[in-house]
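S.K.: Prediction below, plus the sequence it came from.
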Amino acid sequence: MNITEKYILPMFSSNLVNDPIIEIKGMQVSITISGYDDDENFSEVKFKFYSVIEFTKTSPVFGIINGSYDTLVEVQSSERLIELETINNREYSFWSPKHYALYLDGYGFFQIFAKKFEVERLV
């Protein structure tokens with residue numbers, strides 16, 4: 001299992017002004033996060049995940065992936081990706097999902113299995 005950093009939040013999840021806003025529309029999942037860094041600079045970002053085949057939010061007491069604290073990471077060859085491929089190889093091959101993970105302090109551990117993502121910097 002290899003882990004690659006994809007995006008480091010410009011703010012600390014311990015300094016968020018609101019709970020993350022999660023929107024699910026069809027096979028798209030968006031997570032909007034807004035808060036401050038140590039210098040009191042405000043930022044707001046929106047993660048958009050496309051062709052999502054699985055989305056979970058879990059309490060961190062059940063474990064998180066190293067490196068995912070305030071950082072979106074991609075997990076290559078994860079156990080869950082292998083399980084999904086085994087369950088339905090044809091659909092797995094069609095969607096070609098990637099395993100993304102993000103831990104937000106006080107809000108939970110998010111795992112998203114999607115074809116791709118983009119980040120929109122709102123502020």
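M.R.: Received, thanks.
S.K.: mind showing which ranges of the protein have poor pLDDT?
M.R.: Judged against pLDDT under 70, the chain has no low-scoring part.
S.K.: let's see 90
M.R.: The chain contains residues with pLDDT under 90 at 1.
S.K.: Strands of that one, residue ranges please.
M.R.: Assigned by DSSP state E, the chain shows strands spanning 2-8, 21-25, 28-36, 42-50, 54-58, 71-76, 98-104, 108-114, 116-121.
S.K.: Let me have those in CSV, adding mean neighbour count and distance to residue 91 as columns.
M.R.: Any C-beta I mention is one placed from the backbone N, CA and C, and that applies to glycine too. Formatted as CSV, these follow (neighbours: other CB atoms under 10 Å; distance: least, CB to CB, whole Å):
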stretch, mean neighbour count, distance to residue 91
strand 2-8, 13, 24
strand 21-25, 11, 19
strand 28-36, 19, 18
strand 42-50, 18, 16
strand 54-58, 14, 12
strand 71-76, 18, 20
strand 98-104, 23, 15
strand 108-114, 21, 12
strand 116-121, 12, 17
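S.K.: would you list these in a markdown table and tack on distance to residue 90?
M.R.: A markdown table is the format used below for the strands of the chain (distance: least, CB to CB, whole Å):
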| stretch | distance to residue 90 |
| --- | --- |
| strand 2-8 | 26 |
| strand 21-25 | 24 |
| strand 28-36 | 22 |
| strand 42-50 | 20 |
| strand 54-58 | 17 |
| strand 71-76 | 21 |
| strand 98-104 | 18 |
| strand 108-114 | 16 |
| strand 116-121 | 20 |
